[in-house]
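Asker: Could you work out the structure for the sequence below:
(chains A and B)
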Amino acid sequence: MNRMLQEAAVVGIGRTKYVRKSGRTTLAMAAEAARDALADCGLTPADVDGMTCFGTNGSAGPSQVAHAIGVEDLGWSLSIAGGGNIVTTTVTSAATAVLSGQADVVVAYRVLGSDTRYGKAFGTIQAEGEGQFAAPHGYMVPPQWFSMYARRHQFEYGSTCEDLGAIAIQQRAHAAANPHAIGRDLITIDDYMASRWICDPFRLFDCTYEVDGAVAIVIVSAERAKDLPHKPVYILGAADANRFAGSPYQWDDMTTMFSRDTAPKLWARTGLEAKDIDVACMYDCFTFTVMATFEDFGFCSKGEVGDYFREGRATYGGDVVVNPHGGLLSEGYIHGMNHHYEAVLQLRGDADNRQVPGAQTALVTSGAGPFGGALVYGTSQL
Amino acid sequence: MTDTAMYPPQPSPDADTLGFWQATAEGRLAMCRCQLCGLWHMPPLERCRECAGPTAFEPVLGTGSLYSFIIQHHPAISGYTENLPYAVGLIELDEQQGLRLPARIVGIETSAIVCDMRMQVVFEQLPGGDYVVPVFTPAIP
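Answerer: Numbers count the residues shown, from 1 in each chain, chains lettered A, B, ... in the order given. Predicted structure coming up:
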């Protein structure tokens, strides 16, 4: 069991507002989130010597953001190509840079602007790679990939649209208590069932809320963390998994996701299991992502997620609080970096009216389909 | 928006995939297969991922079962903003378990589509270019 990662900690968190259309550049938003995260932990840009981010297009890179906030010499800079699947890797890379002595203070961030919207694809499109076999059929955006998974799960396990709705409803109820969330109006199962089809079996409320915004977190060594104002939040362990060249449609068993590989690795590396988790920030680009990964991480058996949510086991007073901020579905789509913000806030005990009482551990997953990762944060080292 | 934006996405073949599109242009479905061990590959590869043997495109029966499907209602993609909804499926070809091809499903009411139903290939000209795409329709028993 290698527990080196827990010698690194998240000490600062920052973010912008999440809005549908900001009118701002990704550089401006990333700079704001980075400054906010540094101010949160009493550090300044002069202390920063490492920066990393992930993205697919339209992002602002580490060297740009570092320059924009006044960092003179960025000693360690890593821009990772990827989406929600690569968030864990981004955070653990920052930790590894600190632990290997390549940097002392690393800012990890994700920024999304109005030019990046994953739910649609217009214009003249030349589809390359494996996409050339799918896109000509009008099949090329994420809600289509993962509704394909949901259909197979419904076929094999008898899960229903109402089960997916239970996830959407619960997360919206959580978001209602979160002033930072973009979707705060409560919804009922009737509202859910009446919402328009996007791609059957997904309705509108099965899909994430795409926004403009940025989240940044500051990572330092556990030793350095002792001198900073907040209670450190330690990275207790992490795991990633990748199969099928990242192809969403070649993945063999669509009732599962990357988490079937990630979960056993993560539990083995940490010695923890689902019952040890107080807060579960489950990556939720779509409701079904929560369903599949929740099963894979062992919170319940196949086909039981709908009942689990309906019985109140995924909220306050239940077994584990799932996405207390409302998740990507209701707080907003910052590609999973907002899950890290929320996990740290909860473990510090600073989540105000949505605080999970006594929260000591948080699972944060990232990704959907054929690739993704997860890590566990804790208030103390293992 | 230019005029071409009304057309569906066009395939952009490379050295590994060209054989697929050459076959469909002739009304044939051909998939990438290892010439040493016989393993089929999708997406195509220059060399076999199991034995590193050379690959070539070989004809397949064009029949399979429907692993999963969706009914797209929302206008999200160029060339697919009219004639909604439409169905897209993942067809597992009979040649090998897990050998899947994404394709539109035609010739059936969307409400009648079910997982694991038997399918067979037909070919359609893709608007906006020179490509022929394989689409699938319920197999005639």
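Asker: Give the burial count for the residue lying closest to A:T56 once chain neighbours are set aside, as a bare number.
Answerer: Take A:T56 and drop its neighbours on the chain: the residue closest to it by Cβ to Cβ, 6 or more residues apart in numbering or on different chains is A:G83, 5.6 Å away. No exception for glycine: its C-beta is placed from N, CA and C like everyone else's. The tally of other residues near A:G83 (other Cβ atoms under 10 Å in any protein chain shown) stands at 22.
Asker: dump the residue contacts of A:I167.
Answerer: The contact partners of A:I167, taken as Cβ atoms under 8 Å, 6 or more residues apart in numbering or on different chains, are A:284, A:287, A:290-291, A:305, A:309, A:314, A:329.
Asker: nearest to A:R172, of those?
Answerer: Nearest to A:R172, judged by Cβ to Cβ, of the contacts of A:I167 is A:L329 at 7.3 Å.
Asker: can you pull the contacts of the closest one?
Answerer: Per Cβ under 8 Å, 6+ apart, neighbours of A:L329: A:167-168, A:171-172, A:183, A:205, A:207-209, A:284, A:286-287, A:323.
Asker: wait, what's in contact with A:S114?
Answerer: A:21-23, A:212.
Asker: err, A:Q381, not the other one
Answerer: A:Q381 makes contacts with A:3, A:6-7, A:222, A:234, A:236, as judged by Cβ under 8 Å, 6+ apart.
Asker: Tell me where the model's unsure across chain B.
Answerer: In the predicted model, chain B carries pLDDT under 70 at residues B:1-5.
Asker: Tell me how it divides into domains.
Answerer: B:12-59, B:61-141 (automatic domain parsing).
Asker: Which one of these lies nearest to A:G158?
Answerer: A:G158 lies closest to domain B:61-141 among the domains of chain B, at 12.3 Å (Cβ to Cβ).
Asker: correct me, but A:A175 touches A:L328?
Answerer: No: with contacts counted by Cβ atoms under 8 Å, A:A175 stays clear of A:L328, the gap being 10.6 Å.
Asker: beta partners for B:G89?
Answerer: B:F69, B:A103 (DSSP bridges).
Asker: So it versus A:D185, what's the distance?
Answerer: From B:G89 across to A:D185, the span is 35 Å (Cβ to Cβ, to the nearest Å).
Asker: Looking at these two, which is more packed in?
Answerer: B:G89 (28 against 9).
Asker: In contact with that one, which residues?
Answerer: For B:G89, the contacting residues are B:66-70, B:102-105, B:113, B:119, B:136, by Cβ under 8 Å, 6+ apart.
Asker: Kindly recompute the last result at 10 Å.
Answerer: Neighbouring residues of B:G89 by Cβ atoms under 10 Å, 6 or more residues apart in numbering or on different chains: A:137, A:139, A:148, A:151, B:64-70, B:100-105, B:113, B:115, B:117, B:119, B:135-136.
Asker: one step back: next, show the common contact partners of A:A175 and A:L328.
Answerer: Counting by Cβ under 10 Å, 6+ apart, the residues touching both A:A175 and A:L328 are A:Y209.
Asker: Averaged pLDDT, the strand or helix carrying A:F294. What do you get?
Answerer: Element membership of A:F294 [criterion: DSSP states H and E] is helix A:287-296. Here helix A:287-296 scores 98 as its mean pLDDT.
Asker: likewise stretch A:216-233?
Answerer: 97.
Asker: And that stretch, end to end?
Answerer: 15 Å (Cα to Cα, to the nearest Å).
Asker: buried stuff in it?
Answerer: Neighbour-count burial for stretch A:216-233, counted by 16 or more other Cβ atoms under 10 Å in any protein chain shown, picks out A:216-222, A:224-225, A:228, A:230-233.
Asker: Serialize these to TSV and add fields for secondary structure.
Answerer: Shown next, in TSV, are the buried residues of stretch A:216-233 (DSSP: H, G, I helix; E, B strand; the rest coil):
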residue	secondary structure
A:A216	strand
A:I217	strand
A:V218	strand
A:I219	strand
A:V220	strand
A:S221	strand
A:A222	helix
A:R224	helix
A:A225	helix
A:L228	coil
A:H230	coil
A:K231	coil
A:P232	coil
A:V233	strand
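Asker: Could you identify the most distant pair in those residues?
Answerer: A:A216 and A:A222 (19.9 Å).
Asker: Chain neighbours aside, what residue packs nearest to B:G62?
Answerer: B:V121 (3.6 Å).
Asker: What strands flank the host helix or strand of that neighbour, and is each parallel or antiparallel?
Answerer: Assessed by DSSP H and E, B:V121 sits inside strand B:118-125. Its sheet considered, strand B:118-125 pairs with strand B:63-72 (antiparallel), strand B:132-138 (antiparallel) by DSSP bridges.
Asker: Output it in PDB with nothing but the alpha carbons.
Answerer: This file holds the C-alpha atoms of strand B:118-125, laid out as PDB (Å, rounded to 0.1, in the frame of the first residue of the first chain):
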ATOM      1  CA  ARG B 118     -31.600  -8.600 -35.100                       C
ATOM      2  CA  MET B 119     -30.300  -6.100 -37.600                       C
ATOM      3  CA  GLN B 120     -28.900  -6.100 -41.100                       C
ATOM      4  CA  VAL B 121     -27.000  -3.500 -43.000                       C
ATOM      5  CA  VAL B 122     -28.200  -1.300 -45.800                       C
ATOM      6  CA  PHE B 123     -26.400   1.600 -47.400                       C
ATOM      7  CA  GLU B 124     -27.200   5.300 -47.800                       C
ATOM      8  CA  GLN B 125     -25.500   8.200 -49.500                       C
END
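Asker: Now that strand: buried residues?
Answerer: Neighbour-count burial for strand B:118-125 flags B:119-121, B:123-124 (criterion: 16+ other Cβ under 10 Å).
Asker: same deal with stretch A:59-77?
Answerer: For stretch A:59-77, by 16+ other Cβ under 10 Å, it's A:59-62, A:64-66, A:68-69, A:71, A:74, A:76-77.
Asker: Stretch A:335-351 now?
Answerer: A:335-348, A:351.
Asker: Check stretch A:3-20 too.
Answerer: A:5-16, A:18.
Asker: quick one: average confidence on stretch A:84-100?
Answerer: Across stretch A:84-100, the average pLDDT comes to 97.
Asker: So which residues of chain B form helices?
Answerer: B:18-25 (DSSP state H).
Asker: Provide the secondary structure category for A:I198.
Answerer: At A:I198 the chain is in strand, as set by three-state DSSP.
Asker: For it, give its distance to chain B.
Answerer: A:I198 is 5 Å from chain B, where distance means Cβ to the nearest Cβ, to the nearest Å.
Asker: So what's the residue count around that residue?
Answerer: For A:I198, using other Cβ under 10 Å, the count is 23.
Asker: All the strands of the chain, residue numbers only.
Answerer: No chain in the question, so chain A it is. Counting by DSSP state E, chain A has strands at residues A:8-15, A:50-55, A:76-81, A:106-112, A:126-127, A:197-200, A:202-203, A:213-221, A:233-242, A:279-281, A:321-322, A:361-368, A:371-378.
Asker: meant chain B actually
Answerer: B:10-11, B:30-34, B:40-41, B:55-59, B:63-72, B:86-93, B:100-105, B:118-125, B:132-138.
Asker: So which of those is nearest A:G318?
Answerer: Comparing the strands of chain B by Cβ to Cβ, strand B:63-72 comes nearest, at 31.2 Å.
Asker: how many degrees apart are that closest one and strand B:86-93 in direction?
Answerer: Taking axes from the mean of the first three to the mean of the last three Cα atoms, to 10 degrees, one finds that strand B:63-72 is oriented at 150 degrees with respect to strand B:86-93.
Asker: wait, what's in contact with the closest residue to B:D14 other than its chain neighbours?
Answerer: Sequence neighbours aside, A:E128 is the residue nearest to B:D14 in space, at 7.1 Å (criterion: Cβ to Cβ, 6+ apart). Shown in contact with A:E128 (Cβ under 10 Å, 6+ apart): A:135, B:11-14, B:17.
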